[in-house]
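J.: Build me a model from this:
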Amino acid sequence: MSVTVIGIFKKLGAEDFEVYRSHVGASIALYGGTVIRRGECATPFWNQLNADPFDTFVELSFSDIDAAKRWAESPEYAKLLPVRNRAMQLTLFVVKS
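T.: Below you'll find the model as predicted:
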């Protein structure tokens, strides 16, 4: 059964964000994942959890949670962490259905 991974983030640096975005897709594909959609977030209707503001999201799909975890912990993705940390603040989670 496939799983969905959602990332919500606040962009910090436009140039670093574009560098990260241009490389992350290849690391996702190495672990059988695909980018389903990306977009900018509008103002939320509710924020009862008092989440920090975020402005962008991504939806990924992997064959299973193990594949998603292998990607998130992979050496290929780890190489992107320095630029990711300059580019954004990120929350990444798996949606179980």
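J.: quick one: furthest residue from the center of the protein?
T.: Taking Cα atoms, centre = their mean, the residue of the chain most remote from its mean C-alpha position is Q48, at 22.6 Å.
J.: give me the element that residue is part of.
T.: Taking DSSP states H and E as the definition, Q48 sits outside all helices and strands.
J.: Dihedrals phi and psi, it?
T.: phi -70, psi -20 (degrees, to the nearest 10).
J.: quick one: it and K11, what's the gap?
T.: According to Cβ to Cβ, to the nearest Å, Q48 and K11 sit 24 Å apart. Bear in mind the C-beta positions are built from the backbone N, C-alpha and C, glycine included.
J.: What segments of this structure are strands?
T.: Taking DSSP state E as the test, the strands found in the chain are 3-11, 34-40, 56-62, 88-95.
J.: What distance do you get for H23 to L80?
T.: Plainly put, H23 is 6 Å away from L80 if you go by Cβ to Cβ.
J.: How about A42?
T.: From A42 across to L80, the span is 27 Å (Cβ to Cβ).
J.: More neighbours: the two, which one.
T.: More crowded of A42 and L80, by other Cβ atoms under 10 Å: L80, with 17 against 7.
J.: what's the nearest residue to L30 if we skip its chain neighbours?
T.: Nearest residue to L30, sequence neighbours excluded (Cβ to Cβ, 6 or more residues apart in numbering): E76, at 5.9 Å.
J.: what about that neighbour, how many residues close to it?
T.: Using other Cβ under 10 Å, E76 has 15 neighbouring residues.
J.: now do Y77
T.: Residues within reach of Y77, counting by other Cβ under 10 Å, total 18.
J.: Next: the one 5 residues further on.
T.: The criterion is other Cβ under 10 Å. On that basis, P82 has 11 neighbouring residues.
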